[in-house]
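Novice: All I have is the shape, not the residue letters:
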């Protein structure tokens, strides 16, 4: 059993570093922070306030006030900048 654990650890450490780094990404986003996304909202603003954090994010557009729920994976992928309120 111990040999299997050592083999597994060596496989994980020698794997492609790009794949490993993508798996380890964990963004710390909190309620009230302002995020700038890659794409603009139709109103022209690309800044959003975080209202809810979890498996889904609730974001509020700072341009028009529209609120949307998006999956965590999609939000983390599209973040360009994070700033404190």
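Specialist: Here it is on my side, so go on. These numbers were taken from a predicted model, which means no experiment stands behind them. Residues are numbered from 1 along each chain as shown.
Novice: low-confidence ranges in this protein?
Specialist: Low-confidence segments of the chain, defined by pLDDT under 70: 1-26.
Novice: which stretches of it form helices?
Specialist: Under the criterion DSSP state H, helices of the chain are mapped to 2-13, 17-24, 72-78.
Novice: Tell me who's in contact with residue 43.
Specialist: Contacts of residue 43 were listed using C-beta atoms under 8 Å, 6 or more residues apart in numbering, and they are 61, 63-64, 66. C-beta: built from backbone N, CA, C; applies to glycine.
Novice: 7 Å instead, please
Specialist: 61, 63-64 (C-beta atoms under 7 Å, 6 or more residues apart in numbering).
Novice: What count of nearby residues applies to residue 27?
Specialist: 10 (other C-beta atoms under 10 Å).
Novice: quick one: buried residues of stretch 65-76?
Specialist: Using 16 or more other C-beta atoms under 10 Å as the test for burial, stretch 65-76 gives residue 75.
Novice: repeat for stretch 37-45
Specialist: If you call a residue buried by 16+ other C-beta under 10 Å, then stretch 37-45 has these buried ones: 37, 41, 45.
Novice: and the last one, what does it touch?
Specialist: Contact criterion C-beta under 7 Å, 6+ apart gives 61-63 as the residues in contact with residue 45.
Novice: rewinding a little: now that we have the contacts of residue 43, can you turn them into CSV and tack on distance to residue 75?
Specialist: CSV is the format used below for the contacts of residue 43 (distance: C-beta to C-beta, whole Å):
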residue, distance to residue 75
61, 13
63, 17
64, 19
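Novice: Drop anything exposed from the residues you listed.
Specialist: Neighbour-count burial within those applies to residue 61; the criterion is 16+ other C-beta under 10 Å.
Novice: Quick check: beta-bridge partners of the closest residue in space to residue 33 that isn't next to it in sequence?
Specialist: Among residues not flanking residue 33 along the chain, residue 50 sits closest, at 5.2 Å (C-beta to C-beta, 6 or more residues apart in numbering). Assessed by DSSP bridges, residue 50 has beta-bridge partners residue 59.
Novice: and residue 50, how many neighbours?
Specialist: 19.
Novice: tell me the contacts of it?
Specialist: By C-beta under 7 Å, 6+ apart, the contact list for residue 50 reads 29-33, 35, 57, 59.
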